[in-house]
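Peer 1: Predicted model follows, preceded by the sequence.
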Amino acid sequence: MPMLKEPIIFAEDLSVEAEEEIKGVVVEAFKGSPVVPTVFSELANGIRSEVDKRFGRGWNVVVGKSFGAYVTQKLKCYVYMSVYTGVSVLIWKA
């Protein structure tokens, strides 16, 4: 499964700068990693760790092919995106 040329943002509430930085973190996390369900939790942990370093602790990350979510987040602290077709990444700070 090839990586998308540009991540697709389905929904976001971030500053332009934070959106670009988080997109970079997610793309970097997916490079070199197999996109299979057994590593989704590892990808989520790696993304969360890096986002926590850059933006402060307290972020939540879900990576997967099929999930639903209803979250309450702080303002300017939410993004739902895809880097691979059919694989979604949800990042938010509560």
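Peer 2: Perfect, I can see it now.

Peer 1: Next, work out how far apart A69 and I91 are.
Peer 2: 11 Å (C-beta to C-beta, to the nearest Å). Just so you know, the C-beta spots here come from the backbone N, C-alpha and C atoms, and that holds for glycine as well.

Peer 1: Those two - which one has more neighbours?
Peer 2: I91 (25 against 11; other C-beta atoms under 10 Å).

Peer 1: mind listing what the strand of greatest length in the chain pairs with, with the direction of each?
Peer 2: Longest among the strand segments of the chain by residue count, using DSSP state E, is strand 3-13. Applying DSSP bridges, strand 3-13 is found paired with strand 78-84 (antiparallel).

Peer 1: Can you give the distance of the strand it pairs with from its chain's centre?
Peer 2: In this view, strand 78-84 has its centroid 5 Å away from the chain centroid, taken as C-alpha atoms, centre = their mean, to the nearest Å.

Peer 1: Please apply the same query to stretch 13-26.
Peer 2: The answer for stretch 13-26 is 10 Å, by C-alpha atoms, centre = their mean.

Peer 1: What lies in contact with it?
Peer 2: 7, 9, 12, 47, 50-51, 54-55, 73, 75-79, 81, 83, 89, 91 (C-beta atoms under 8 Å, 6 or more residues apart in numbering).
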